[in-house]
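[1] Turn this into a structure:
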Amino acid sequence: MNVLVSQVVPRSVVSKLGVSQAANNFCFNLFENNCFSEMVSFVPNNVTYKIDNDFDDGVKYFQCRRFRHVGFGFSLNILITSFQIASYLSKKEKIWFYNVSPSNFLAILILRLFFRKNVYIIMADYTPTKKKCSIQYFLGEIIKSTRGIVSLSGRTVFNHHNFKVKAGITPISTISKETVDCINDRSFLLSGRLDDSTGLDLAIDVFKELPEIELYITGNMSQKYLEKISRIQNIQYLGNMGYEDFMKILTSVPISLSLRNPEYRKNENNFPSKILEAFAQNRIVLSSVEYSEIEDFKYFICKYSFDSLTEVVNSIVKMPEEKLLIYTNHKESLKLNFSEFAWQQIVKEVETK
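    Modelled structure (predicted):
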């Protein structure tokens, strides 16, 4: 029996509360596809909305808001939640945390030092630091003290004796059964977190100069960018969408963009969750990063620059359909590398080493 400690909220309130859709989906996909026997949630600190255990999703939610959730009251609420969740988990055998963060590290320390529990980590987007007087370094030391790690990035320099890499999960039920045999248009989609680090400014600058090519954008967009695209006819902003609505857009736009700005250190070890999501729907992908974690897949790569992105976008638009179809139909590679069965195997390997 093993348990996954996440920081999720019920699926029905994700867009309302502004938490990470990708992280929420990832953890629910692991739990709902039997990679873990149980899932509990350390409700994200920024959520003041009351999350109780009446949601019919099988998750046990821990959220203390006894005190006003600011300043010292904020710290007291997190402290109480840490002790509550550690007490509950002390009866469990194998405990997996999705990420180590300033909010959940105390619960991990209590479980490791006082209850002597086996704690494992699923590590997402962690960037090591040599600055010993920093929270990031402290969290890294906690990660090193655990029994094993599955990293979502294969490019991290993090060292651990029991370390595996698995970039994401794509349940077989979510992989399109259809085969793409024609591509009706050459429109593009940019989705997820929308800011300079994920290429929003670059995408706008490029597609503004390519008025014949449609760009659709979904996610939370700041007023600065809304004003920037307001007069650009071929760029359509669709807002922050719920999961089902987003999937309708994803399956209707043939080419997905993944643009990570290398100037941002947080992008050094990011994992390609959005790319896997696009692959599952047979989408064509254009990425500014060449990911070692998905080396078995065919996708387009560009440098993170105006000229390179413009050149590759134009080449995709002009490419004959028979050549472009090679970049679709990813189902067999997804099943082999990222299905629930691949995750069940890697979790078992880490736990038994």
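[2] tell me the mean pLDDT over the top helix by length along the chain?
    Across the chain, the longest stretch assigned as helix under DSSP state H is helix 71-89. Average pLDDT, helix 71-89: 95.
[3] Tell me the helix or strand right after it.
    Following helix 71-89 in sequence order, the next helix or strand is strand 94-98 (DSSP states H and E).
[4] Grab the CA positions of that following strand and hand them over as CSV.
    In CSV, the C-alpha atoms belonging to strand 94-98 read as follows (Å, rounded to 0.1, in the frame of the first residue of the first chain):
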residue,chain,number,x,y,z
LYS,A,94,5.2,4.0,1.6
ILE,A,95,4.6,7.8,1.3
TRP,A,96,5.2,9.7,-1.9
PHE,A,97,5.2,13.5,-2.1
TYR,A,98,4.6,15.4,-5.3
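[5] what's the next secondary structure element after that strand?
    Immediately after strand 94-98, counting by DSSP H and E, sits helix 105-113.
[6] How about that following helix, which residues are buried there?
    By 16 or more other CB atoms under 10 Å, the buried positions in helix 105-113 come out as 105, 106, 107, 108, 110, 111, 112. C-beta here means a position set from N, CA and C on the backbone, and glycine is covered the same way.
[7] Pull the distance from it to the chain's centre.
    Distance of helix 105-113 from its chain centroid, counting by CA atoms, centre = their mean, to the nearest Å, is 25 Å.
[8] Report the strands that pair with the next helix or strand after it, each with its relative direction.
    Going down the chain from helix 105-113, the next helix or strand is strand 118-123, by DSSP H and E. Note on strand 118-123: by DSSP bridges, its sheet partners are strand 94-98 (parallel), strand 148-151 (parallel).
[9] packing partners for the following helix or strand past the shortest one?
    Meaning strand 148-151. Next along the chain after strand 148-151, taking DSSP H and E as the criterion, comes strand 163-165. Strand 163-165 sits against strand 148-151, helix 340-352, with contacts defined as 3 or more CB pairs under 8 Å, 6 or more residues apart in numbering; DSSP states H and E.
[10] With mean neighbour count and distance to residue 177 as extra columns, can I get the ones you listed in a markdown table?
    Below are these laid out as a markdown table (neighbours: other CB atoms under 10 Å; distance: least, CB to CB, whole Å):
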| stretch | mean neighbour count | distance to residue 177 |
| --- | --- | --- |
| strand 148-151 | 22 | 28 |
| helix 340-352 | 16 | 16 |
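[11] what does the helix or strand bottoming out on mean pLDDT in the chain contact?
    Lowest by mean pLDDT, DSSP states H and E among the helices and strands of the chain is helix 14-17, with a mean of 84. The list of residues contacting helix 14-17 from outside it, by CB atoms under 8 Å, 6 or more residues apart in numbering, reads 9, 21, 24, 47, 49, 240, 241, 242, 243.
[12] Can you say which of the residues you listed are buried?
    9, 21, 24, 47, 240, 241.
[13] returning to what we had before: and the strands paired with strand 118-123: which comes nearest residue 135?
    Of all those, strand 94-98 sits nearest to residue 135, with 16.3 Å by CB to CB.
[14] residue boundaries of the strands in the protein?
    Shown for the chain, the strands assigned by DSSP state E span residues 2-6, 38-42, 59-62, 94-98, 118-123, 148-151, 163-165, 188-190, 215-217, 235-237, 255-258, 284-287, 300-301.
[15] Now render those as JSON lines, adding mean pLDDT and distance to residue 336.
    Formatted as JSON lines, those follow (pLDDT from 0 to 100; distance: least, CB to CB, whole Å):
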{"stretch": "strand 2-6", "mean pLDDT": "97", "distance to residue 336": "23"}
{"stretch": "strand 38-42", "mean pLDDT": "97", "distance to residue 336": "25"}
{"stretch": "strand 59-62", "mean pLDDT": "96", "distance to residue 336": "29"}
{"stretch": "strand 94-98", "mean pLDDT": "97", "distance to residue 336": "23"}
{"stretch": "strand 118-123", "mean pLDDT": "96", "distance to residue 336": "20"}
{"stretch": "strand 148-151", "mean pLDDT": "95", "distance to residue 336": "17"}
{"stretch": "strand 163-165", "mean pLDDT": "94", "distance to residue 336": "15"}
{"stretch": "strand 188-190", "mean pLDDT": "98", "distance to residue 336": "26"}
{"stretch": "strand 215-217", "mean pLDDT": "98", "distance to residue 336": "31"}
{"stretch": "strand 235-237", "mean pLDDT": "96", "distance to residue 336": "36"}
{"stretch": "strand 255-258", "mean pLDDT": "97", "distance to residue 336": "21"}
{"stretch": "strand 284-287", "mean pLDDT": "98", "distance to residue 336": "18"}
{"stretch": "strand 300-301", "mean pLDDT": "98", "distance to residue 336": "22"}
